[in-house]
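> Could you work out the structure for the sequence below:
(one chain, ligands or ions: 2)
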Amino acid sequence: MKETITFLGAGSMAEAIIAGMTAKEIVPSRQIIATNHSNKDRLQELEHKYKIQTTQNKQAAIEQGTIIVLAMKPKDVKVATAEIREFLTEDKIIVSLLAGISTGYMEKQIGTNNPVIRVMPNTSAMIGQSATTIASGNNVNEEQIELVRTLIHAIGTTTVINEEEMDAFTALAGSGPAFYYYMVEAMEQFVIEKGLDKEVAKQLMTQTLKGVAQMLATSSDSPKTLREKITSPGGTTEAGLKALASHDFQKAVMNCLEQATDKSKELRSLFEK
Ligand SMILES: NC(=O)C1=CN([C@@H]2O[C@H](COP(=O)(O)OP(=O)(O)OC[C@H]3O[C@@H](n4cnc5c(N)ncnc54)[C@H](O)[C@@H]3O)[C@@H](O)[C@H]2O)C=CC1
Ligand SMILES: O=C(O)[C@@H]1CCC=N1
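Ligands and ions are numbered 1, 2, ... in the order given. Here you go, the predicted structure:
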């Protein structure tokens, strides 16, 4: 691919994508440029690790990029859009990773006709396993969305969605990994309490999760049926599930997703009145 990809922001998400893209060699690593707010050491770390280019000169980074990835926090969106505006030639595609912030707001802030595409990955991009959703703004044509899709495909699966669905999918898939990790953290507490071998337990928990993911992806059974097939009447699973139910586990999970979805909306409402 001939594109040059500029990352404005060099935090965890930018790194996860850079790691995935360089591993798949979707573009030569020298065609990836990263810059950030002010942390030079961080840029050097990424340059060293992934053999990409880094610079503290934002103008140069934007001018060289054909795809400009906004990878700063949503709270920095105003400053960031103001900074890039004057260096945007019409050939550049803007890709925004920012949770909550709409393409409409971006388009208005930037004030040009550049295509704006929202991309919501997750940190499993690092190993090419992100579940990424994509939604396009008003000035995007098929070719541009396909280009971004091809690029993002290097970090996992890509699904084009309507932008109205982005808040909920951000909760499910963008934040999603954190919710699974949180459950595993609780299991780790159990492992410590029981004095079990941590390495053995880690291998078992990881393989169990992998198996669950594969079953969900390939089985024609619903999650409920899959659960029921494990649950012998009067057995161990039933005892465990009863404990989860007594703590309103399903309600807690639904509330977790609801709160994450609402936060995505709230992040937007802070800027978009
Ligand atoms: N961490 C995650 O799992 C995911 C994050 N996102 C989105 O990705 C974005 C970045 O998140 P993280 O990487 O976690 O944040 P982070 O805090 O790790 O990194 C933010 C980066 O932006 C830089 N920055 C701030 N202002 C800037 C500016 N004006 N110009 C250039 N760089 C600037 C900072 O120096 C830092 O390198 C957020 O908008 C978040 O909503 C989306 C999906 C998943
Ligand atoms: O927590 C956040 O706001 C970002 C967006 C999705 C995952 N991390």
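
> buried ones in stretch 35-43?
35-37, 42-43 (16 or more other Cβ atoms under 10 Å). C-beta: built from backbone N, CA, C; applies to glycine.

> hmm, I was thinking of stretch 114-129
Neighbour counts over stretch 114-129 (16+ other Cβ under 10 Å) mark 114-126, 128 as buried.

> Please narrow these to those residing in strands.
Here DSSP state E is the test, and those give 116-120 as lying in strands.

> As CSV, those with distance to residue 29 and pLDDT would be great.
Shown next, in CSV, are these (distance: Cβ to Cβ, whole Å; pLDDT from 0 to 100):
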residue, distance to residue 29, pLDDT
116, 26, 98
117, 22, 98
118, 25, 98
119, 20, 98
120, 24, 98
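
> how close does residue 69 sit to ligand 1?
9 Å (Cβ to the nearest ligand atom, to the nearest Å).

> Switch the buried residues of stretch 35-43 over to JSON lines, and while doing so, append pLDDT and distance to ligand 2 to every line.
Shown next, in JSON lines, are these (pLDDT from 0 to 100; distance: Cβ to the nearest ligand atom, whole Å):
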{"residue": "35", "pLDDT": "98", "distance to ligand 2": "20"}
{"residue": "36", "pLDDT": "97", "distance to ligand 2": "17"}
{"residue": "37", "pLDDT": "96", "distance to ligand 2": "17"}
{"residue": "42", "pLDDT": "98", "distance to ligand 2": "18"}
{"residue": "43", "pLDDT": "98", "distance to ligand 2": "22"}
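
> now, which of those residues sits nearest residue 207?
The closest of the buried residues of stretch 35-43 to residue 207 turns out to be residue 42 (Cβ to Cβ; 34.1 Å).

> can you count the residues close to the nearest residue to that closest one once chain neighbours are set aside?
In space, and not counting its chain neighbours, residue 42 is closest to residue 10: 5.6 Å by Cβ to Cβ, 6 or more residues apart in numbering. Residues contacting residue 10 under the criterion other Cβ atoms under 10 Å number 23.
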